[in-house]
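*Asks:* A structural model of the following input is requested.
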Amino acid sequence: MSATSSNTINPPAMSPTPKAPSFMSATRITYLVLLALLLAAPVIGLYPVFVMKLLCFALFACAFNLLLGFTGLLSFGHAAFFGSAAYITGWFVKEQNWTPEVAILAGTVGAGLIGLVVGAVAIRRQGIYFAMITLAIAQMVYFVCLQAPFTGGEDGLQGVGRGNLLGLISLQSDTAMYYFVVAIFVLCFLFISRIVNSPFGQVLKMIRENEPRAISLGYQVDRYKLLAFVLSAALSGLAGSLKTLVMGFATLSDVHWSMSGEVILMTLLGGVGTFFGPVVGSGIVISLQNLLADKVGSWVTVIIGVIFVLCVLAFRKGVVGELQAFRDRRKAAARLAAKQA
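*Replies:* Predicted coordinates for the structure are as follows:
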């Protein structure tokens, strides 16, 4: 009986396994193709500065998605981390002549420390109260950047150089700077993926889905949320630091509340809780801004707003989220058809 029972149990357990590797391989192939496209972008004629700007905001959106999509915390103040790191990096490069990698590290650490302070206060509340606390503290950071003497006030920090990487490799060339940004983006994307797929990431998903259950299982939820907040803030700061070196300036728009709204828009447009959704959303927003800014001026924000409303009404899960849902429905239909046959 034991042999018979083992024969009847094993086949159902083994039957789904051939499908999983094919899906994983398809995902990996897609990422490899996109990576090859990124590496070949300067050769095929894509404007490097535009792609670098897109990657900076894509990293910003991925960092925000780590907090919203995988932890369930909606922050209205992420511009504080993005903009403060931009100012810190720009000041160290311009005024102290620091090398770019050290200045970027300083901006990232500075954003992480600010995130630690903001998170320690904000995670004590939930829902709209959490969002309003982050917005209020972000506005305080904005006024500090406006009034502090080293930030340049309303003019911001202009003429920030790119310097020499490790004191040896010049980043003045758009091509050299481009591959530096691509390398950091890819590493951060893999880092975020590793976080989400780790046991720590599984706890974050549990907190997002059912926080009381996570508490009942003995997890110190506030510590997990605070660590997720600090990681998101530090990665957002890294994006802001890179943006300063790419564009050569840091301005009040980097730390303004509208920047927080913009990263929320990117994440929702691409798909909250998906790995590649924030990248797609940032690509759509930055591309529209680049294409329409010279043609319609300030009306570009209205156009993006209309697109966002249409997307929310028609594609509530975002572009990537709806594609994944469509794939899952097809898989479910195929399994149902196989059972009926």
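*Asks:* Please give the three-state secondary structure assignment for the residue nearest to the spatial centre of the chain.
*Replies:* Nearest residue to the geometric centre of the chain (CA atoms, centre = their mean): C62, 1.4 Å. With DSSP: H, G, I helix; E, B strand; the rest coil as the basis, C62 sits in helix.
*Asks:* quick one: what helix or strand has the nearest residue to it once chain neighbours are set aside in it?
*Replies:* Closest residue to C62 apart from its sequence neighbours, by CB to CB, 6 or more residues apart in numbering: P278 at 4.8 Å. Where you see a C-beta, it was placed from the backbone N, CA and C, and this is true even at glycine. In this assignment (DSSP states H and E), P278 forms part of helix 277-296.
*Asks:* What are the buried residues along stretch 175-187?
*Replies:* Of all the residues in stretch 175-187, those buried under the rule 16 or more other CB atoms under 10 Å are A176, M177, Y178, Y179, F180, V181, V182, I184, F185.
*Asks:* Show me the contact partners of that stretch.
*Replies:* Outside stretch 175-187, the residues within contact range by CB atoms under 8 Å, 6 or more residues apart in numbering are 35, 38-39, 41-42, 48, 51-52, 55-56, 58-59, 162, 165, 169-171, 238, 242, 245-246.
*Asks:* between the helix or strand where L55 lies and helix 277-296, how big is the angle?
*Replies:* Assigned by DSSP H and E, L55 falls within helix 48-71. If you take axes from the mean of the first three to the mean of the last three CA atoms, to 10 degrees, helix 48-71 sits at 140 degrees to helix 277-296.
*Asks:* follow-up on the earlier one: ok, the residue nearest to C62 - how many residues close by?
*Replies:* 34 (other CB atoms under 10 Å).
*Asks:* Name all residues that make contact with it.
*Replies:* Taking CB under 8 Å, 6+ apart as the test, what P278 contacts is A58, A61, C62, F64, N65, G69, M266, T267, G270, G271.
*Asks:* Give me the mean pLDDT for stretch 187-204.
*Replies:* Average pLDDT, stretch 187-204: 92.
*Asks:* Show me what counts as buried in it.
*Replies:* C188, F189, I192, I195, V196, G201, V203, L204.
*Asks:* same check, this time on stretch 128-143
*Replies:* F130, A131, I133, T134, L135, I137, A138, Q139, V141, Y142.
*Asks:* Contacts for that stretch, please.
*Replies:* Under CB under 8 Å, 6+ apart, the answer for stretch 128-143 is 73-80, 83-84, 114, 117-118, 121-123, 125, 252, 255-257, 260.
*Asks:* Now that stretch - C-alpha only, CSV.
*Replies:* The C-alpha trace of stretch 128-143 is given here as CSV (Å, rounded to 0.1, in the frame of the first residue of the first chain):
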residue,chain,number,x,y,z
ILE,A,128,-4.0,58.8,5.7
TYR,A,129,-2.4,59.9,8.9
PHE,A,130,0.9,58.2,7.9
ALA,A,131,0.7,59.9,4.5
MET,A,132,0.0,63.4,6.0
ILE,A,133,2.9,63.1,8.4
THR,A,134,5.3,62.2,5.6
LEU,A,135,4.0,65.2,3.6
ALA,A,136,4.3,67.6,6.5
ILE,A,137,7.9,66.6,7.2
ALA,A,138,8.7,66.8,3.5
GLN,A,139,7.5,70.3,3.4
MET,A,140,9.8,71.1,6.3
VAL,A,141,12.7,69.7,4.3
TYR,A,142,11.6,71.9,1.4
PHE,A,143,11.7,75.1,3.4
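*Asks:* What is the subsequent helix or strand relative to the lowest-mean-pLDDT helix or strand in the chain?
*Replies:* Sorting the helices and strands of the chain by mean pLDDT, DSSP states H and E puts helix 2-14 at the bottom, at a mean of 41. Heading C-terminal from helix 2-14, the first helix or strand you meet, by DSSP H and E, is helix 19-44.
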